[in-house]
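> Dropping a prediction and its sequence here:
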Amino acid sequence: MKIYYENTLEDLADCNVYTIENSSFFKIISRIYTLIVCIILLVIIILVYNIRKLLSTEILVLYILLIGMIWFFINPKMFKKTMRKHLIKNVRDNLSGFPTTEFTLTLNEERISIESKTTQYKVPWSSIENVKVRENYICIYIQYLNKLGCFVVPIKTFNDPSEKDAFLQIFKQHKIDIICV
């Protein structure tokens with residue numbers, strides 16, 4: 001099977017941001033951030049409790065707890081949204097000057113081949129880790145020189161769902177895990 005597609009800066013930025021957001025490092029940072037917010041809330045409550053002679057303690061503590069709970073439930077979403085914005089900016093800065101690239105992807109019995117005007121990769125089926133199907137992209141993860149790489153194929157490349165299914169079926173025939181995310 002042979003398909004033709006192009007990757008834009010947006011395609012690559014979106015794929016990189018998705019990979020970073022779902023990395024274990026990003027999840028740990030997110031948990032640490034949430035823990036810091038909880039600690040700050042606890043310190044504020046302790047400080048208010050220690051200066052209770054100045055204000056009505058019960059009302060103030062309830063008010064702070066209410067704000068803290070609202071913050072605790074809204075904040076992780078705000079944190080992810082803010083981090084996503086920074087990640088997108090960083091990825092775009094790193095990829096600035098990257099031109100839209102047209103690719104030819106060929107699947108045959110021995111390997112996957114990807115060609116553009118400037119590069120050519122030939123990857124045996126044994127080097128393919130898995131395939132992740134996302135809303136707008138199919139990401140083909142490969143082991144290349146002991147590093148994990150990724151080929152990004154936009155879903156819009158396929159004319160209809162049956163063409164996409166036929167493409168994915170080839171990976172299944174070679175016992176490659178297809179992960180729908």
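Sure thing, it's come through.

> When you work out contacts or count neighbours from here on, use the C-alpha atoms and nothing else.
Will do.

> what's the next secondary structure element after the helix or strand of the chain with the lowest mean pLDDT?
Ranked by mean pLDDT, DSSP states H and E, the weakest helix or strand in the chain is helix 57-94, scoring a mean of 70. Proceeding C-terminally, helix 57-94 gives way to strand 101-107 as the next helix or strand, assigned by DSSP states H and E.

> quick one: buried residues of the following helix or strand past that following strand?
Downstream of strand 101-107, the next assigned helix or strand under DSSP H and E is strand 111-115. For strand 111-115, burial by neighbour count (16 or more other CA atoms under 10 Å) applies to Arg111, Ile112, Ser113, Ile114.

> The first one bridge partners, please.
Same thing as Arg111. Applying DSSP bridges to Arg111 gives these bridge partners: Pro124.

> Distance of it relative to Ile140?
13 Å (CA to CA, to the nearest Å).

> can you check the last one too?
Between Ile114 and Ile140 the distance, using CA to CA, works out to 11 Å.

> gap between Val148 and Gln120?
No Val there; residue 148 is Leu. Leu148 sits 17 Å away from Gln120 when distances are taken as CA to CA.
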